[in-house]
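*Asks:* Provided below are the primary sequence and the corresponding predicted coordinates.
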Amino acid sequence: MKQFLLDIPFEQQVLFAVFLFATIIQSIYYYFVFLRPARWKRKDENKNHEPLSVIICAKNEHENLKINLPKILSQKYEKFEVIVVNDCSEDDTEMLLGELEQKHRNLRHTTIEPDNKFFHGKKLAVTIGIKSAKYNQLVFTDADCYPVSENWLNEISKSYLDNKQIVLAYGGYEKGKGLLNKIIRFDTLFIGMQYLGFALCGRPYMGIGRNLSYLKQIFFSGTGFSKHYKLLSGDDDLFINENAYKDNTAIVLSKESFTKSKPQIKYRQWAKQKKRHLTTGKYYKFEDKFFIGLEQSSRLLFYITFAALLILKADIVLTFSIFGFRFITQLLIIKLNMNKMGEKGFWLLTPLFDILLPIIHFNFIISNKLNTRNNKWK
C-alpha cells in the first residue's frame, strides 16, 4: 500500500485520502444510524392504555376530512377523542364537522374566525387544539393523512413506557405514478431513516406532524411554541428539537403505526412545501446541525472525489472497489428500511436520488434566502 501511494501523483493521493475518508463517514452513518430503524423491534409494551386526544388542524380540507376523518374515528381504542381545529376555512369544512359530530360523540371541533388585522400560522391552531384536549396523551396528524390500520392509536400508546413523554412515528406517502412521486417517497423515507435513526442513537432531533405524539404536560411545562412562533413551520420538528432527549423519547415502527398521505402531484406544489419545511433547520441545536451537515457534506465529497478520480484516470480497480462498497451498503440498508416502513417502487433509483435530492434541497435553501416573503401554511 505504501509503495502504491508513492507511485501515484500527490494530487491523486490527496483525492484517494478524501474519497476514503468520505466513504468511512458515510459507512458509519449507514451502519450505526440508518440501519437502526430497519432493525427496530418492540421489546416491551404499555398494556395500560390511557385515554388520548387526536388533534388535527384543517384549513380548507373538506374533501380530505370527508375521506380520512372516519378512518380515525373508527380506531379500535378504548377511549379517545378527536379534536379538529377549523382554521379559517372557506369551504364546507364547518358543515362537514357539524354533521360528523352528530354521528360521533368523541368528535369535537373549534373554529378560528378570519381576522384581516391578525396573521397567524398553524401553531395557533395547534395550540388551541392542545388547550382543548381533555387528555394528557396527544396524537397529532394532518387532515390529508390517514392511519393504515384501525390499531394505529393502540400502537402509539404502547410506546409510552418508562416515563416516556414523546413518541416519534413514521408517516409515508401513497404510491403513485411518475418520477416526482418516487422522489417524494424516497425523500420521506430518507428523512425517516435519519430522524428515527438518530432517536434510536439517543439523539432525537425532530418529528413529523403527520404522525407524532407527546404528553400535554410537556407542552405547558416548557415554552410551547413561543421561541419560534413567528416561523411558519416548526410546530413539529422545532418543538421536538427543544424538548426531546434520550430518556423521554420513544419511537414506534410497527406496520400498524404508520400514516399515509396523498403526495403533491406537481413539482411547484412540492417545492413550496419543502421550502417551508427547510426554513426550520437553521434553528436546530448546534450538535444536530453538525451531524446532519456532516452526512450531507461527506456524501457530497464522496461523489466529487469519485468523479475527479475517474477524470484523472486513477487506479480504476481501487476507485470502483471503494465506490462499490458504499454502493452495496447503501442499497442493502435502504432496502431493509423500505421493507420496515412499507415502501416500495423506487429502490433501483436510489443512486440517482442520492445525488439529485441534495442538489434540489440546496436550490430550495438558496431560493428561501433570496425570497423572504412569507407563505401561508395553507
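*Replies:* Done, it's in. Numbering: from 1, shown residues only.
*Asks:* show me the contacts for Asn337.
*Replies:* Residues counted as contacts of Asn337 (CB atoms under 8 Å, 6 or more residues apart in numbering) are Phe34, Pro37, Ala38, Leu189, Gly192, Met193, Glu343. All C-beta atoms are positioned from the backbone trio N, CA, C, and that covers glycine.
*Asks:* now the spatially closest residue to His104 that is not a sequence neighbour: how far from Leu309?
*Replies:* Using CB to CB, 6 or more residues apart in numbering and skipping residues adjacent in sequence, the residue nearest His104 is Leu73, 4.9 Å away. Per CB to CB, to the nearest Å, Leu73 is found 58 Å from Leu309.
*Asks:* Spit out the contact partners of the residue lying closest to Ser132 once chain neighbours are set aside.
*Replies:* Nearest in space to Ser132, with sequence neighbours left out and distances taken as CB to CB, 6+ apart, is Ile83 at 5.3 Å. Neighbour list for Ile83: Ser53, Val54, Ile55, Ile56, Arg108, His109, Thr110, Gly129, Ser132, Ala133 [criterion: CB under 8 Å, 6+ apart].
*Asks:* The last one touches Glu81, doesn't it?
*Replies:* What it means is Ala133. Yes - with contacts defined as CB atoms under 8 Å, Ala133 counts as touching Glu81 at a distance of 7.5 Å.
*Asks:* Can you work out which residues contact both of the two?
*Replies:* Ser53.
*Asks:* Now name the helix or strand holding Lys71.
*Replies:* Using DSSP states H and E, Lys71 sits within helix 62-73.
*Asks:* got the contact list for stretch 325-336?
*Replies:* Contacts to stretch 325-336, defined as CB under 8 Å, 6+ apart, come from residues 23, 26-27, 30-31, 34-35, 38-39, 189, 193, 302, 347, 350-351, 354.
*Asks:* Looking at these, spot the one nearest Tyr284.
*Replies:* Closest approach between the contacts of stretch 325-336 and Tyr284, by CB to CB: Met193, at 17.4 Å.
*Asks:* any idea which element the closest one lies in?
*Replies:* Assigned by DSSP H and E, Met193 belongs to helix 179-200.
*Asks:* what about the strands in the protein?
*Replies:* 52-58, 80-87, 107-112, 137-142, 145-147, 166-168, 171-173, 212-215, 249-251, 259-261 (DSSP state E).
*Asks:* What strands line up against the second one, and which way round?
*Replies:* When you say that, I think you mean strand 80-87. Partner strands and pairing direction for strand 80-87 (DSSP bridges) are strand 52-58 (parallel), strand 107-112 (parallel).
*Asks:* For those, give me CSV that also has mean neighbour count, distance to Lys369 and mean pLDDT.
*Replies:* Formatted as CSV, the strands paired with strand 80-87 follow (neighbours: other CB atoms under 10 Å; distance: least, CB to CB, whole Å; pLDDT from 0 to 100):
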stretch, mean neighbour count, distance to Lys369, mean pLDDT
strand 52-58, 26, 28, 97
strand 107-112, 17, 31, 95
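*Asks:* Any idea which helix or strand in the chain has the lowest mean pLDDT?
*Replies:* helix 2-7 (a mean of 52; mean pLDDT, DSSP states H and E).
*Asks:* farthest-separated two in the contacts of stretch 325-336?
*Replies:* Arg39 and Phe302, at 24.1 Å, using CB to CB across these.
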